[in-house]
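J.: Provided below for reference: sequence and predicted model.
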Amino acid sequence: MRVKGQFNQWAKVAYMTLVKLKSKRARRQGICHGVAYLLSFPGNDRGLIKRLTQEKDLGMVTVYYTKACETEVEIYRDMGLTCYSLDETTSFFKECVARITNSRYVICDNYFAFMGALELSDETTVFQIWHANGAIKTFGWQDRATATRSKADHKRFQAVYDACDYYVVGSDKMGTIFQESYQISETKLLKIGCPRTDYYFEKGYKVQAKEKFQLAFPEFKEEQIVLYVPTYRPYETSVIEAMFNQLSLPEGMVGFAHLHPHMTEYRADGPLKFDLKGLTLEELLYNVDILITDYSSVPFDYSVIKPEGQLIFYCPDLKTYKKQVGLQPDFVQGASSTIVQTIEDLEKKIKAHEGLLAADYGVSWQEYNDGQASERLIEFMKTK
C-alpha cells in the first residue's frame, strides 16, 4: 500500500506540474477574454449559463464539463456554445488548460484540482458557485478524512481554495462555513444569493412541476406525498436498504425514493417507488408534503420550493457518519426535534405529522436568495 500511495503522489505531482507548465505558456501567448464555466453537477446551473450568453460585454461563454454532465451539455451545444470535456486527457491538455487560463472569468460549481496549478492572469476573476445553498456534512478542512491526508495533499487543497477570488453565498451562515472549511478571508465572500436558487422564485415553474407530476402519477392526486432522499455514505449501508423494505406508510400517503447516483443499484419491494418517470428532484419537491432525508443538502432547496412542507431527518447511523465524514456543529441542535434513528420512530413522526416546518429550518440559510442572484452576479462581474 505504501508503494501504491507513493506512486499516486508522484502521479499527482506530475499532473499538476504539467498543468502549471501548459498554463504558464498559454498565459504568455493569450489575452484574457470570455467566460469559462466549469460544470460538474447535473442540474446545478439552472439558467445561469443561458443568462451569461445574453451579456455580450462578458464575452463568449465556453463550457468545460465532467462525465456526470455529458447529457446536460447537449443543451448547451444546441445553444451554439463550445463545450470541452475535462475528462478526456488529450483534449484537457491540448485545449482546456490554455483556454481556461486565458478566460476573463472562470465560474466553478465544485472543487476542481487543476485550478490550484493554473497560472492565471491578474485580469482573470474566479468565482465559486457551490452546488448547494446550505451544508449539513463537513467538507474541505472540516472533513474528517482531510486530517489523514499528506502534507503535499494539504498544500494542493489550499492552492485550489486560494485560486477562487470569490465564493458566492446565499447566507452569512454559509459564508462562515466556507471561511472555516477553506481557510479563506471574509473578503472573498460574495453575499449576493445563490444563482442556482433563482428559478425557484419563478411562478411558472411551480405550476409546471405540479402539472408534470399529475400527468406522471394521476392515481396519486388525493394522496399526500412522502419523499425519501438519502445521501451517499462512504461505508456499508445496510440500515438504509432495510428502511426501503421495512417502512410502513399510513393510509392516504404514497412514498417515493430519490437515490444518490452512487446508490442507483439499490431496489426494494417495500412501499417506496423508485421509478420517478423522468421527474427531476426539484420537480418532485414541489409536490412533496413530507421530505425524509439525512445529511443531504436537499432540505435547503425544499425550504425555498415548499416552505409549508415538513422535514424529518432519518439518521440511523448518526454517530458513524459524524465520526467518519463529519457534521456541521449546529446540525443536531437545529434539527434535534425531528432526528430519528429507528424505523419505528420514523413511522410515528410521519403518522403524527411531527416534521419540522421547512420554512423554519431554512430561514437562516436563505438571507440573500430572492430570485435575483444571477443578475447581481452578472453586474458584479462587469465591475471586474
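T.: Received, thanks. Residues are numbered from 1 along each chain as shown.

J.: Glu70: how many residues sit nearby?
T.: Glu70 has 13 neighbouring residues, counting by other C-beta atoms under 10 Å. Yep, even glycine has a C-beta here, placed from its N, CA and C like the rest.

J.: Could I get the contacting residues of Glu367?
T.: 170-173, 191 (C-beta atoms under 8 Å, 6 or more residues apart in numbering).

J.: which two in those are spaced the farthest apart?
T.: The distance between the two most remote of those (C-beta to C-beta) is 10.7 Å, for Lys173 and Lys191.

J.: Where does pLDDT dip in this protein?
T.: Counting by pLDDT under 70, the chain shows low-confidence ranges at 1-7, 261-269.

J.: tell me the domain boundaries of it?
T.: Domain assignment for the chain, taken from automatic domain parsing, gives 2-194+368-382, 199-365.

J.: circling back: out of the contacts of Glu367, which one sits closest to Leu356?
T.: The shortest approach to Leu356 among the contacts of Glu367 belongs to Lys173, at 16.8 Å (C-beta to C-beta).

J.: returning to that earlier point: show me the contacts of Glu367 that map onto helices.
T.: By the criterion of DSSP state H, membership of the contacts of Glu367 in helices covers 172-173.

J.: Name the member of the contacts of Glu367 with the most neighbours.
T.: Counting by other C-beta under 10 Å, top hit in the contacts of Glu367: Gly170 with 27 neighbours.

J.: Run through the residues that contact that residue.
T.: 133-134, 193-194, 197, 365-369, 373.

J.: rewinding a little: a markdown table for the contacts of Glu367, including distance to Ser297?
T.: Converted to a markdown table, those look like this (distance: C-beta to C-beta, whole Å):
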| residue | distance to Ser297 |
| --- | --- |
| Gly170 | 12 |
| Ser171 | 13 |
| Asp172 | 17 |
| Lys173 | 13 |
| Lys191 | 18 |
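
J.: re earlier: show me which pair in the contacts of Gly170 is furthest apart.
T.: Spatial extent of the contacts of Gly170 (C-beta to C-beta) is set by the pair Gly134 and Ala373 at 14.4 Å.

J.: list the buried ones in stretch 302-314?
T.: By neighbour count with 16 or more other C-beta atoms under 10 Å, stretch 302-314 contains the buried residues 302-306, 309-314.

J.: and what of stretch 231-242?
T.: 231, 233, 237, 239-241.

J.: Which stretches in the stretch 1-150 of the chain count as helices?
T.: 2-29, 48-53, 73-78, 89-91, 97-101 (DSSP state H, counting those that start in this stretch).

J.: and of these, who's closest to Ser150?
T.: Per C-beta to C-beta, nearest to Ser150 of those: helix 2-29, 6.8 Å.

J.: The closest one: how far from the chain's middle?
T.: In terms of C-alpha atoms, centre = their mean, to the nearest Å, the gap separating the centre of helix 2-29 from the centre of its chain is 27 Å.

J.: just stretch 23-34 next, same as before
T.: Remark: stretch 23-34 is offset 30 Å from the chain centroid, using C-alpha atoms, centre = their mean.

J.: mind listing what's buried in it?
T.: Here stretch 23-34 shows 23, 26-27, 32, 34 as buried, counting by 16+ other C-beta under 10 Å.

J.: got it, and stretch 158-171?
T.: 158, 160-161, 163-171.

J.: Among the contacts of Glu367, which one sits closest to Lys206?
T.: Proximity of the contacts of Glu367 to Lys206 (C-beta to C-beta) peaks at Gly170, which lies at 19.4 Å.

J.: Next, format the contacts of Gly170 as CSV and append distance to Leu356 and secondary structure.
T.: Output for the contacts of Gly170, formatted as CSV (distance: C-beta to C-beta, whole Å; DSSP: H, G, I helix; E, B strand; the rest coil):
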residue, distance to Leu356, secondary structure
Asn133, 18, coil
Gly134, 14, coil
Gly193, 23, coil
Cys194, 22, coil
Thr197, 20, helix
Trp365, 13, helix
Gln366, 15, coil
Glu367, 19, coil
Tyr368, 22, coil
Asn369, 19, coil
Ala373, 25, helix
